[in-house]
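> Build me a structure from this.
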Amino acid sequence: MPRPTAAKPGWPLIVAILLAATLIRTLPLLDNRFHPDEALYGSFARRIASGQDPLLTGVLVDKPPLGFYLMAFGLLLGDASHGELGARLPSLYASLVSVALLFVLARRLYGQVAALVAAALLAASPLAVLFAITLFLDPLLTAAVLWAFCAAARSRWRSLAVAMAIALAIKQTALVFVPLALALSLLRLRPGTAARQVLTHLWGGVQRLAPALALSAVAIFSWDAARHPVIGLWRQGHADNMPGRLVRANEVTPRALAWAGLLHYTTASTALNGLAVAGLAGLLIAGARRPSRAALADGLLAGYALLYLGAYWLLAFNVWDRYLLPLLPVLCLLTARSWLWLAARVLGWLRPRAGPSLARLALAGLAVLLGVNLLPGAVHAARSGYPVGGDHGAYDGVDDAARFLSGLPEGSVLYDHWLSWQWNFYLFEAPVYVAWLPSPDVFAADLQAFGSKSPRYLVVPSWEQDSELRAAAAGAGYTFVARHYSYRRDGSLSLTVYELAPTHPATLQATGLHDDSP
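Next up is the predicted model:
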């Protein structure tokens, strides 16, 4: 960070922005249960934190391990009995650090006013708020990449190398941001610098960056080799995430609309987003007419954002909101610049007509208007009101069902077909054995062979049909007996825990079981 004396007027504001960001992100911290992918990553962290499987030898992994170890550290720091809070701490911290890092980067590129606006936008962005309380790896990746950008903007190659090495150890897509980091370092060069000096500058960065990335890769692959996996993490990641094709003609428009819908949650305000797009067009045109260091930064960031979005649009990647999170700081920078450019045009028109006092008043009014439009989106996000980030109620009750199942006698068996990743987290170290249920036929065969040897249970989500499983159980001589109901926050039924009871009347009477399902 620059010396406090160099930025004294802005410190109260950035502190206020960080405090507001903290408040907005902590309000929904424990409202939602884990999305299936979050539960999977959380179960990895629990394996590590418990010491049962510190190398994750018993699971398929498609990401580098650093994020999982950070979550495990969060579990050790937090309430181990609750689990969710501790696992979320690294993402929460990374999200707050990202706001501070964006302020540093924007001030370096554009000055303090743009830095404050960009930081405020990232602090209030619904996309950032809702991912800060998740276990996805993207908040951690975003913080590491922003650290690299800050280092690149000052040509601090050692810090850049360390940051990018850490980013790679979190997620493979860190490599996508290496070109932008190197390009940002060029903004420090004086205008008119000879091409040979530019290449020398870049080569100096590559000489430091390449060994760090290589060392990170060696550490990742050494860890993976020590696990003796059936499928290595790089191969598994490629299989899980790489589309291997371009989009088809009939996918182009729907995918464009889907990505545009997700980009809306940068501010969640159609008016603010519209102003950003209009202002950015004018900003880039003005920069092309009057080149400057700031104009070069605008063009660089806008060009990279278009390439990034274009790749996710035209390559058949899944349309997932978390892919936008590492790009969000770049979008916030461009949005802040476009808003300020529009404000400057308005003030330039007002000043000769209204005088400097009224112009300053108009500027204050614009700032208030901006805040008033950003605040509702941030508050709504804090109430989990937008369909981005993690789960927002679909899996309510899974923790309640897990508490009931954890109280069952040791040796009880839970058949599962829908919630395996959630049970890996919420039933970790519970006395219940979770048995994967691939089909009704397997269900019936297992009941016939082992149903009488231990209590058997099945959890049916309210959004799934269980008629085939009921028929299979009946064919094996068993019926569903409702034992526990779990509900969502709105009072609707979420999950029903059934015990599998033999249908023979004498056996039912002896066990005291009865069917009390609705």
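> Three-state assignment for the nearest residue to G74 once chain neighbours are set aside, please.
With sequence-adjacent residues excluded and distances taken as C-beta to C-beta, 6 or more residues apart in numbering, G74 is closest to L89, at 3.9 Å. Where you see a C-beta, it was placed from the backbone N, CA and C, and this is true even at glycine. At L89 the chain is in helix, as set by DSSP: H, G, I helix; E, B strand; the rest coil.
> got the contact list for L89?
Residues near L89 by C-beta atoms under 8 Å, 6 or more residues apart in numbering: 74, 77-78.
> Okay, buried residues for stretch 487-494 please.
Neighbour counts over stretch 487-494 (16 or more other C-beta atoms under 10 Å) mark 488, 494 as buried.
> Point out where the stretch 1-150 of the chain drops to low pLDDT.
Applying pLDDT under 70 to the stretch 1-150 of the chain flags the ranges 1-9, 79-82.
> The chain too?
Applying pLDDT under 70 to the chain picks out residues 1-9, 79-82, 349-366, 504-518.
> domain assignment for it?
Here the domain assignment for the chain is 4-382, 398-511, based on automatic domain parsing.
> Where does L96 fall, secondary structure wise?
Following DSSP states H and E, one finds L96 within helix 84-110.
> Now do that helix: distance to the chain's middle.
In terms of C-alpha atoms, centre = their mean, to the nearest Å, the centre of helix 84-110 is found 13 Å from the chain centre.
> Report the next helix or strand after it in sequence order.
helix 112-124.
> wouldn't V388 be in contact with L130 here?
Yes. Counting by C-beta atoms under 8 Å, L130 is a contact partner of V388 at 5.3 Å.
> I14 is in contact with A119, correct?
Yes. The pair A119 / I14 is scored as a contact, 6.2 Å apart, by C-beta under 8 Å.
> where do the contact lists of the two overlap?
Common contact partners of A119 and I14 (C-beta under 8 Å, 6+ apart): 100, 103.
> which one of those two has more residues nearby?
A119 (30 against 21; other C-beta atoms under 10 Å).
> who's in contact with A445?
Shown in contact with A445 (C-beta under 8 Å, 6+ apart): A476.
> Assign a three-state SS to it, would you?
Three-state call for A445 (three-state DSSP): helix.
> What separation is there between it and T479?
Per C-beta to C-beta, to the nearest Å, A445 is found 17 Å from T479.
> Kindly report the same for T267.
Distance of T267 to T479, given as C-beta to C-beta: 53 Å.
> More neighbours: which of those two?
Set T267 next to T479 and count neighbours by other C-beta under 10 Å: T267 wins out with 25 against 17.
> I figured that one was touching L374, is that so?
Yes. Applying C-beta under 8 Å as the test, T267 and L374 come out as touching, 6.4 Å apart.
> shared neighbours of these two, which are they?
121, 124.
> Just give me the neighbour total for V481.
V481 has 18 nearby residues by other C-beta under 10 Å.
> That one looks like it's in a strand, true?
Yes. If the criterion is three-state DSSP, then V481 is within a strand.
> That one bridge partners, please.
Beta-bridge partners for V481, by DSSP bridges, are E499.
> in stretch 172-192, what counts as buried?
Neighbour-count burial for stretch 172-192 flags 172-174, 176-178, 180-187 (criterion: 16+ other C-beta under 10 Å).
> Same check on stretch 285-304?
Buried residues in stretch 285-304 (16+ other C-beta under 10 Å): 287, 294-298, 300-302, 304.
> Show me which of these is closest to R345.
Within these, the smallest distance to R345 is 13.9 Å, found for G287 (C-beta to C-beta).
> contacting residues for the closest one?
For G287, the contact set (C-beta under 8 Å, 6+ apart) comprises 294-296, 298-299.
> circling back: the helix holding L96 vs helix 112-124, what angle?
Helix 84-110 and helix 112-124 are oriented at 160 degrees to each other (axes from the mean of the first three to the mean of the last three C-alpha atoms, to 10 degrees).
> Between its first and last residues, what's the separation in stretch 429-447?
End-to-end distance for stretch 429-447, by C-alpha to C-alpha, to the nearest Å: 24 Å.
> Give me the distance from that stretch to the chain's centre.
32 Å.
> Tell me the buried residues in that stretch?
430, 432, 434-435, 437, 440, 443-444, 446-447.
> can you tell me which residues contact the nearest residue to R88 once chain neighbours are set aside?
Excluding the flanking residues, the one nearest R88 by C-beta to C-beta, 6+ apart is I133, at 5.7 Å. Contact analysis of I133 by C-beta under 8 Å, 6+ apart lists 25, 28-29, 31-32, 88, 91-92, 389-390.
> and which of those is nearest V368?
Nearest to V368 among the contacts of I133, with distances taken as C-beta to C-beta, is R25, at 23.5 Å.
> right, and that closest one touches V129 too?
Yes. Contact criterion C-beta under 8 Å: R25 and V129 qualify, at 5.8 Å.
> which residues are common contacts for these two?
In terms of C-beta under 8 Å, 6+ apart, R25 and V129 are both contacted by the residues 95, 382.
> if you count what's nearby, which of those two comes out ahead?
Shown here are R25 and V129; by other C-beta under 10 Å, V129 has more neighbours (29 against 26).
> Spell out which helix or strand contains the more buried one, please.
Assigned by DSSP H and E, V129 falls within helix 126-131.
> Tell me the helices and strands packed up against that helix.
Judged by 3 or more C-beta pairs under 8 Å, 6 or more residues apart in numbering; DSSP states H and E, helix 126-131 is in contact with helix 84-110, helix 328-382.
> Could you point out the helix or strand that follows the last one?
Read in the C-terminal direction, the helix or strand following helix 328-382 is helix 398-406, with elements assigned using DSSP H and E.
> chain center to that following helix, what's the gap?
Counting by C-alpha atoms, centre = their mean, helix 398-406 comes out at 26 Å from the chain centroid.
> Give me the residues contacting it.
The contact list for helix 398-406 (C-beta under 8 Å, 6+ apart) reads 33-34, 84, 412, 414, 419, 422-423, 426-427, 430-432, 457, 459, 483-484, 486-487, 494-495, 497.
> Next step: the residues you listed restricted to strands.
414, 457, 459, 483-484, 486-487, 494-495, 497 (DSSP state E).
> Just the closest of the residues you listed to V252, please.
S494 (37.6 Å).
> How about the contacts made by that closest one?
395-398, 401, 461-462, 486-488.
> Return the members of the residues you listed classed as buried.
For the contacts of S494, a neighbour count by 16+ other C-beta under 10 Å gives the buried set as 395-398, 401, 461, 486, 488.
> Need those in a markdown table (columns: distance to A219).
A markdown table is the format used below for those (distance: C-beta to C-beta, whole Å):
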| residue | distance to A219 |
| --- | --- |
| Y395 | 34 |
| D396 | 39 |
| G397 | 40 |
| V398 | 35 |
| A401 | 39 |
| P461 | 40 |
| S486 | 42 |
| R488 | 43 |
